[in-house]
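Engineer: Mind folding the following:
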Amino acid sequence: MAKRRNFSAHFKAKVALESLRGEETVSELAARYEVHPNLITTWKRRAREGLVEVFSGKAEKRGKPNEAKTKELYAKIGELTVEKDFLSKVLDR
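Structural biologist: Below is the predicted model:
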């Protein structure tokens, strides 16, 4: 059984951009980079979808909920640390 190949994000972006330029066909790119044409088509579609998100501002909005969740979790960690310290002092008496 053949081992599955993994491609880096940099490689995928490079191939997708060349495909978007349209200077070569998908078949030519597939032969040059030794990947299946369906992969190039998939990477090209994802690149188009990603570009739409970059210019619509959705990429920025996607990161903000993570920041809020992180702050909330750090606050909870601090709260639990204070409780633990208090209880350990009370139990040591």
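Engineer: tell me the domain ranges of this protein?
Structural biologist: Here the domain parsing of the chain from automatic domain parsing is 1-56, 60-93.
Engineer: From the chain's centroid, how far away is the longest one?
Structural biologist: Translated: domain 1-56. Here domain 1-56 is found 16 Å from its chain centre; the criterion is Cα atoms, centre = their mean, to the nearest Å.
Engineer: try the shortest one
Structural biologist: Distance, stretch centre to chain centre, for domain 60-93: 27 Å (Cα atoms, centre = their mean).
Engineer: Tally up the residues packed near Asp92, please.
Structural biologist: The burial count assigned to Asp92 is 6, neighbours taken as other Cβ atoms under 10 Å. No exception for glycine: its C-beta is placed from N, CA and C like everyone else's.
Engineer: Tell me how far the longest helix along the chain lies from the chain's centre.
Structural biologist: Longest helix of the chain, by residue count under DSSP state H: helix 58-92. Averaging C-alpha positions (Cα atoms, centre = their mean) puts helix 58-92 24 Å from its chain's average.
Engineer: Averaging pLDDT per element, find the lowest-scoring helix or strand in the chain.
Structural biologist: Every helix and strand of the chain was ranked by mean pLDDT, DSSP states H and E. The lowest is helix 58-92, at a mean of 84.
Engineer: which residues does Phe11 contact?
Structural biologist: For Phe11, the contact set (Cβ atoms under 8 Å, 6 or more residues apart in numbering) comprises Tyr33.
Engineer: Find the helix or strand that it is a member of.
Structural biologist: Here Phe11 is covered by helix 9-21, with elements defined by DSSP states H and E.
Engineer: List the buried residues in that helix.
Structural biologist: Neighbour-count burial for helix 9-21 flags Lys12, Val15, Ala16, Glu18, Ser19 (criterion: 16 or more other Cβ atoms under 10 Å).
Engineer: which other helices and strands contact the longest helix of the chain?
Structural biologist: If you count contacts as 3 or more Cβ pairs under 8 Å, 6 or more residues apart in numbering; DSSP states H and E, helix 58-92 packs onto no helix or strand.
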